[in-house]
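> Generate a structure from the sequence data that follows.
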Amino acid sequence: MRQVIFSPDGKYLVTNSHDGTVRNWNVKARSEQLTLKGHEVEVVSAAFSPDGTVVATSARDGTARLWSAVTGEVKAVLSGHRPNRVESITFDPEGNRILTASDDGTALLWDTAGTLLATLKHDAQIRDARFSADGRLVVTASFDRTARIWNSKTGELRVTLDGHTDWLRSAAFSPDGTRVATTSRDGTGRIWDVFSGEEIAVLRGHRAEVWRSNFSPDGRRIVTASLDGTARVWNSTTGEQVLELRGHTYRVWDAAYSNDGRFIVTASGDGTARVWTEKGELKFALIGHKRSSYDGGLQP
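This is a model prediction of the structure:
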């Protein structure tokens, strides 16, 4: 299982997987609500629209798709990155624009009808791209070892975040838009000032590549997912580790907070998503996706 996200109202979870499917789960019932099928290969990323009515997905088949979260109907197919795989997808806060990032070294801005609005470029593959909470900025994370902050309206480059010693996997804005958290194959997460580009803190503790990170809704914590099989929670000001979430038997690809900050959900190559309390207690696991067929297990 590659990624897991809460719906805006917290009632549903969407998971995507190596098995080519996307599944919408009812959190209260702990049961599968809907399965989205249509991508030709592995689904890499997924996102809910702000109103929760649309699910956006991206895949190794070079396309992104928009689906009805109720019926599973495909509403649009975005194919501007083809044949390169699309590594991430997200909506802007108003739900009017979509941002995709690809191995072709570009991040593309679209409207919801599938019209291309702008192209953002790095010198290597882009693995993640996200909007700030007010939608005015975009951050991209690349294999060129940098993250870049852009004006989302004009496509103008504002700041380059340079300090990781290996390629980047993800970048995420804090809820107030003043900081960015990045993760890297160098085994660290880092926190940066959005306006100056200065490094604020380094998150050290994972024993392998750090795949993804997300801030808590209040911005006080960051949760990271790593190929060492753990997720960890950090103080976003000091960089001090607060919690370690251990229990998955394969690499952890993603970790995120619920919108009310009470829960953390993790996704792993062991085929499960796990829901934890903010204090690190395991609540339950969602089982349904196939275990990863090529995942070699935990990185040493």
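> pLDDT below threshold where in the protein?
Applying pLDDT under 70 to the chain flags the ranges 1-2, 288-300.
> Let me see the ranges of the helices in it.
Assigned by DSSP state H, the chain shows no helices.
> which residues touch the residue nearest to V252 when sequence neighbours are not counted?
Once flanking residues are discounted, V252 sits nearest to A225: 4.4 Å by Cβ to Cβ, 6 or more residues apart in numbering. In short, each C-beta sits where N, CA and C put it, glycine included. Residues in contact with A225 (Cβ atoms under 8 Å, 6 or more residues apart in numbering) are V210, W211, R212, S213, A231, V252, W253, D254, A255, T266, A267.
> what do you get for R23?
Counted by Cβ under 8 Å, 6+ apart, R23 has contacts V14, T15, N16, S17, E32, Q33, L34, T35, L36, G288, H289.
> Relative to W253, how far out is it?
The gap separating R23 from W253 is 15 Å, by Cβ to Cβ, to the nearest Å.
> again with S152
From S152 to W253 the distance is 26 Å (Cβ to Cβ).
> who's more crowded, the two?
Remark: of S152 and W253, W253 carries more neighbours, 27 against 22, as counted by other Cβ atoms under 10 Å.
> Tell me the one among the contacts of A225 nearest to R179.
Among those, S213 lies closest to R179 (Cβ to Cβ), at 11.4 Å.
> Quick check: the closest one touching R221?
No - the criterion here is Cβ atoms under 8 Å, and S213 misses it with R221 at 10.5 Å.
> Those two: which is more packed in?
It is S213, of S213 and R221, that has more neighbours when counted by other Cβ under 10 Å, with 30 against 20.
> what's the distance between the more buried one and F6?
Taking Cβ to Cβ, one finds S213 at 16 Å from F6.
> cool, A46 as well?
11 Å.
> Quick one: the strands in the stretch 151-300 of the chain, in order.
157-162, 168-173, 179-184, 189-193, 199-203, 210-215, 221-226, 230-235, 241-246, 252-257, 263-268, 272-277, 282-287 (DSSP state E, counting those that start in this stretch).
> G105: which of the ones you listed is closest?
From those, taking Cβ to Cβ, the stretch that ends up closest is strand 168-173, at 13.2 Å.
> partners of the closest one in the sheet?
strand 179-184 (antiparallel) (DSSP bridges).
> Run the angle between the strand it pairs with and strand 221-226 for me.
Orientation check (axes from the mean of the first three to the mean of the last three Cα atoms, to 10 degrees): strand 179-184 against strand 221-226 gives 10 degrees.
> that older thread, and A46 and F6? Which one has more around it.
The neighbour count for A46 versus F6, taken as other Cβ under 10 Å, is higher for A46 (29 against 21).
> shouldn't the more buried one be in contact with V22?
Yes - between A46 and V22 a contact is recorded at 5.6 Å, counting by Cβ under 8 Å.
> Kindly point out which residues are neighbours of both of these two.
With Cβ under 8 Å, 6+ apart, A46 and V22 have common neighbours V14, T15, N16, V55, T57.
> Who wins on neighbours among these?
N16 (30 neighbours).
> wait, that one sits on T35?
No - between N16 and T35 there is no contact under Cβ under 8 Å: 11.0 Å.
> who touches both of these two?
The contact sets of N16 and T35 overlap at V22, R23 (Cβ under 8 Å, 6+ apart).
> V77 pairs with what?
Per DSSP bridges, the residues bridged to V77 are R65.
> looking at the strands of the stretch 151-300 of the chain, which is closest to E40?
Closest approach to E40 among those (Cβ to Cβ): strand 252-257, 20.4 Å.
> Output that closest one as CSV - backbone C-alpha positions only.
What follows is strand 252-257, C-alpha atoms only, in CSV (Å, rounded to 0.1, in the frame of the first residue of the first chain):
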residue,chain,number,x,y,z
VAL,A,252,6.1,2.5,5.5
TRP,A,253,5.4,4.6,2.5
ASP,A,254,3.1,7.3,3.9
ALA,A,255,1.9,8.7,7.2
ALA,A,256,-0.7,11.5,7.8
TYR,A,257,-2.9,13.1,10.5
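> Identify all contacting residues around that strand.
With Cβ under 8 Å, 6+ apart as the contact definition, strand 252-257 has outside contacts at 1-6, 211-217, 221, 223-231, 245, 263-269, 278.
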